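**Student:** just to be clear, the model below is a prediction. Sequence and coordinates:
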2 protein chains.
Amino acid sequence: MGTDRHEEMLDELGAAIASGELAPGAVLRSEELQERYGTSRTVAREVVRVLETMGLTSSRRRVGVTVREPAEWNHYDPRLIRWQLDGADRPAALRTLTELRSAVEPCAARFAAIRATPEERGRLRALAVHLQRTARARDLDTFLGHDVAFHDLLLSASRNPMFAQLSSVVAEVLAGRTGHGLMPDEPQPEAVALHVEVAEAIDLADPVRAERAMRDIVEQAREEIAAAVSSNLGG
Amino acid sequence: MGTDRHEEMLDELGAAIASGELAPGAVLRSEELQERYGTSRTVAREVVRVLETMGLTSSRRRVGVTVREPAEWNHYDPRLIRWQLDGADRPAALRTLTELRSAVEPCAARFAAIRATPEERGRLRALAVHLQRTARARDLDTFLGHDVAFHDLLLSASRNPMFAQLSSVVAEVLAGRTGHGLMPDEPQPEAVALHVEVAEAIDLADPVRAERAMRDIVEQAREEIAAAVSSNLGG
DNA sequence: CAAACTCAAAAGTACTACTTAATCAAGAAG
DNA sequence: CTTCTTGATTAAGTAGTACTTTTGAGTTTG
């Protein structure tokens, strides 16, 4: 399944556009592309088609393939998210994703409190307990794993496919924190307590409490990031 | 520019999958597809590629093109949103989009209050005034137009590309209300007042007030929808 | 100087041939 | 009788050629 010619070229070209290496307005000819990437016409055409449906490019006869403005890109495409996270402007990408996450998750918690199945409620509580334990044990890696699982489950329990789809975004944001040393040695006890609170509220079908607790969680995360950014600027 | 073979086939096939007419797990052979839609291999292949990057299908050698589970679709793709809105389950699609909108817009209002340019702040106030006027005049069509423009501008003033991209979603939700006779003859005065409140708060760089007012707006819209749905069930 | 006309460039479409991978089944080994 | 190997077959992936359509730009003509 792995790495066929198509995906290879798509990744390279897409990343080049996402990073701004190929600036908006730049014009490519498909023949030139197939030469540059050493592929057949078939592959080159299909790659361009895909980029076109992602809004990254537009093709016109007698002109060529034009790179479009970032405002026209489909910023929710998982590939584009990946390219931006791997690109030079990773901090900006993380900021954007964190803001989206902070907007959606409280709302998702509310709906989860109304709509989650009994089994999901139970599993959320169990995950919250696991979080407490691994936090005390300072086992950051498994803590992160449980944290991601918690938010993932919550999002899918909201019974909104668009919320559920953001689980990879949340995973990326959470991992981005631990990865960049933004996390303290031990997860903040208040944050862990809030996770328990969210799980409890959902279990008791209390949407208002679930939403408020989740809002506190993402607020806190946002402040952490902001603090880290300003300290980075200071350093 | 208009309707080439590619887009035509993509639209038909995509809509068929989105509507569930082609159920998840169904297997198609690309030769069969090119026959059914009367196109060349080239076009059929490119269409399948695009569907694949949208997560609607997966292609495997010796097997064919398999329709994937809805959970794996890229629900933020504008095309998929379109297909779902035009499909049999339009109400469900509108519900999903409304929930997303209600999650994002308050947050977007907060950031707009911090980040909007002076010009944007001015235009938001102006649009709010226009809203008041057309509301009193019961001119629903131009009211809708200004309403969409207001939310569109707010989202882009949030300086978050992922928020900005949801302007078409918001437009769809707002239009869906008026279109389906969910709107009263005259827009609710409180809602209009809240728009003025949002514009004022943003102009005064008051993120908390802007967020709260916007939250009230989307809450009210959500209640309207819920009421309409339950009355539909009753009727 | 403007409008129409022509030409050429580049994408779009069609088709053919060959390559690769994976499933399924048959047969050999245990 | 079960399991593992192997090979045939199938359908997608890749490559390349030929032809069509659109359209931008330059040129001619009124």
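**Tutor:** Cool, the structure landed. Note that the structure is predicted; figures quoted are calculated from it, not measured.
**Student:** below-threshold pLDDT in chain A: ranges please.
**Tutor:** A:1-3, A:181-185, A:229, A:231-235 (pLDDT under 70).
**Student:** hey, where'd the strands end up in it?
**Tutor:** A:27-28, A:57-60, A:64-67 (DSSP state E).
**Student:** what would those look like in TSV with distance to A:L131 and mean neighbour count?
**Tutor:** C-beta coordinates here come from the backbone N, C-alpha and C atoms, glycine included. Listed next are the strands of chain A as TSV, based on distance: least, C-beta to C-beta, whole Å; neighbours: other C-beta atoms under 10 Å in any protein chain shown:
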stretch	distance to A:L131	mean neighbour count
strand A:27-28	48	16
strand A:57-60	43	17
strand A:64-67	44	19
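**Student:** dump these to a markdown table, plus distance to B:R159.
**Tutor:** Rendered in a markdown table, the data for the strands of chain A read as follows (distance: least, C-beta to C-beta, whole Å):
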| stretch | distance to B:R159 |
| --- | --- |
| strand A:27-28 | 29 |
| strand A:57-60 | 24 |
| strand A:64-67 | 22 |
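**Student:** where does chain A come near DNA strand C, residue by residue?
**Tutor:** A:1, A:28-31, A:41-42, A:45, A:48, A:59-65 (C-beta under 7 Å from any atom of the strand).
**Student:** go through stretch A:85-95 and flag the buried ones.
**Tutor:** A:85, A:87, A:93-95 (16 or more other C-beta atoms under 10 Å in any protein chain shown).
**Student:** what ranges do the helices span in chain A?
**Tutor:** Listed in chain order, the helices of chain A (DSSP state H) span A:5-18, A:30-36, A:41-53, A:78-86, A:90-115, A:118-136, A:140-157, A:161-164, A:167-179, A:189-203, A:207-234.
**Student:** against which helices or strands is the shortest one packed?
**Tutor:** Packing partners of helix A:161-164 (3 or more C-beta pairs under 8 Å, 6 or more residues apart in numbering or on different chains; DSSP states H and E): helix A:90-115, helix A:140-157, helix B:90-115.
**Student:** make it 6 Å
**Tutor:** For helix A:161-164, the elements it packs on are helix A:140-157, judged by 3 or more C-beta pairs under 6 Å, 6 or more residues apart in numbering or on different chains; DSSP states H and E.
**Student:** swap in the fifth one?
**Tutor:** Of the remaining helices and strands, those touching helix A:90-115 by 3+ C-beta pairs under 6 Å, 6+ apart are helix A:140-157, helix A:167-179, helix A:189-203, helix A:207-234, helix B:90-115.
**Student:** again, only using 8 Å
**Tutor:** Packed next to helix A:90-115, using 3+ C-beta pairs under 8 Å, 6+ apart, are helix A:78-86, helix A:140-157, helix A:161-164, helix A:167-179, helix A:189-203, helix A:207-234, helix B:90-115, helix B:161-164.
**Student:** and those: which comes nearest B:D141?
**Tutor:** helix B:90-115 (19.9 Å; C-beta to C-beta).
**Student:** and that closest one, which residues are buried?
**Tutor:** Buried residues in helix B:90-115, counting neighbours by 16+ other C-beta under 10 Å, are found at B:93-113.
**Student:** from A:E223, how far out is the closest residue to A:V196 other than its chain neighbours?
**Tutor:** Using C-beta to C-beta, 6 or more residues apart in numbering or on different chains and skipping residues adjacent in sequence, the residue nearest A:V196 is A:A128, 4.5 Å away. To A:E223, A:A128 is 22 Å away according to C-beta to C-beta, to the nearest Å.
**Student:** the more surrounded of those two?
**Tutor:** A:A128 (22 against 10; other C-beta atoms under 10 Å in any protein chain shown).
**Student:** list the contacts for that one?
**Tutor:** A:150, A:195-196, A:198-200 (C-beta atoms under 8 Å, 6 or more residues apart in numbering or on different chains).
**Student:** 6 Å - rerun?
**Tutor:** Contact partners of A:A128, counting by C-beta atoms under 6 Å, 6 or more residues apart in numbering or on different chains, are A:195-196, A:199.
**Student:** next: A:G176.
**Tutor:** A:L94.
**Student:** so how far is chain B from it?
**Tutor:** 16 Å (C-beta to the nearest C-beta, to the nearest Å).
**Student:** I'd like the helices of chain A as a markdown table, with distance to B:V218 appended.
**Tutor:** A markdown table is the format used below for the helices of chain A (distance: least, C-beta to C-beta, whole Å):
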| stretch | distance to B:V218 |
| --- | --- |
| helix A:5-18 | 31 |
| helix A:30-36 | 44 |
| helix A:41-53 | 30 |
| helix A:78-86 | 25 |
| helix A:90-115 | 10 |
| helix A:118-136 | 25 |
| helix A:140-157 | 19 |
| helix A:161-164 | 15 |
| helix A:167-179 | 21 |
| helix A:189-203 | 21 |
| helix A:207-234 | 13 |
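**Student:** how many neighbours does the closest residue in space to A:I17 that isn't next to it in sequence have?
**Tutor:** Using C-beta to C-beta, 6+ apart and skipping residues adjacent in sequence, the residue nearest A:I17 is A:L56, 5.1 Å away. A:L56 has 26 neighbours, counted by other C-beta under 10 Å.
**Student:** gap between A:L56 and A:S19?
**Tutor:** For A:L56 relative to A:S19 (C-beta to C-beta), the value is 12 Å.
**Student:** A:V67 against A:P24, yeah?
**Tutor:** Yes - the criterion here is C-beta atoms under 6 Å, and A:V67 meets it with A:P24 at 5.2 Å.
**Student:** quick check: A:A108 touching A:A157?
**Tutor:** No - here A:A108 lies out of contact with A:A157, judged by C-beta under 6 Å, at a distance of 8.1 Å.
**Student:** and the contacts of A:A128 as TSV, adding neighbour count and distance to DNA strand D?
**Tutor:** Output for those, formatted as TSV (neighbours: other C-beta atoms under 10 Å in any protein chain shown; distance: C-beta to the nearest atom of the strand, whole Å):
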residue	neighbour count	distance to DNA strand D
A:H195	26	42
A:V196	17	46
A:A199	27	42
